[in-house]
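J.: requesting a structural model of the entry that follows:
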Amino acid sequence: MLPNRQHPTRLLALLAGVLLALTARSTNPYRPDPQTLLGRWRAESFDLHGLKVPLGPILDVRQDALVVSGESFPIERFEVDGKEVTAWLSSGIGLSFIFENPNRVYFSIPLLGYRIYYNRMPMMT
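T.: Alright, predicted model coming up:
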């Protein structure tokens, strides 16, 4: 029986397809723009013996300010780097939020590395 010359070609094509599928699967195609961060965000809760305690304050991100617990911090600009959107405050401090999807982000606490997850709150009508 003669060897099938198409067999190696098919095998290489199959291998290339599998590698392409694995590469596409490992990267999150979602890329936010600065406008995606605008809105109200509620921190996820932590269960403390039946009491749900939010891990952070409600954030109200506006085009020109970040409002936390009624206090407003002016925003100078937004920067996007992949899945990360940074709000640069007028004080020179940048707060970076990493998007998992359009409605869920996390913020890492500096030095500790703990993540606080936030979910987008529905728009009030």
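J.: chain center to the helix or strand containing W88, what's the gap?
T.: Secondary structure assignment for W88, by DSSP states H and E: strand 84-89. Taking CA atoms, centre = their mean, to the nearest Å, one finds strand 84-89 lying 12 Å from the centre of the chain it belongs to.
J.: and for stretch 113-120?
T.: On CA atoms, centre = their mean, the centre of stretch 113-120 falls 9 Å from the chain's centre.
J.: got the CA positions of that stretch in PDB?
T.: Output of stretch 113-120 as PDB, limited to C-alpha atoms (Å, rounded to 0.1, in the frame of the first residue of the first chain):
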ATOM      1  CA  GLY A 113      -3.000  42.400  46.200                       C
ATOM      2  CA  TYR A 114      -6.600  41.600  47.300                       C
ATOM      3  CA  ARG A 115      -9.200  42.100  44.700                       C
ATOM      4  CA  ILE A 116     -12.500  43.800  45.300                       C
ATOM      5  CA  TYR A 117     -15.100  42.900  42.600                       C
ATOM      6  CA  TYR A 118     -17.700  45.400  41.500                       C
ATOM      7  CA  ASN A 119     -20.900  44.800  39.400                       C
ATOM      8  CA  ARG A 120     -22.600  47.400  37.400                       C
END
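J.: quick check: pLDDT value at the residue nearest the centre of the chain.
T.: Of all residues in the chain, the one closest to the mean position by CA atoms, centre = their mean is F99, 0.8 Å from it. On the pLDDT scale, F99 is placed at 95.
J.: and it, how close does it get to V105?
T.: Distance from F99 to V105, counting by CB to CB, to the nearest Å: 5 Å. Any C-beta I mention is one placed from the backbone N, CA and C, and that applies to glycine too.
J.: list residues touching both of those two?
T.: V85 (CB atoms under 8 Å, 6 or more residues apart in numbering).
J.: still on that earlier bit, I'd guessed the residue nearest to the centre of the chain sits against P34; true?
T.: No - checked against CB atoms under 8 Å, the pair F99 and P34 is beyond contact range at 11.4 Å.
J.: what sits in contact with each of these two?
T.: Both F99 and P34 are contacted by V85, under the criterion CB under 8 Å, 6+ apart.
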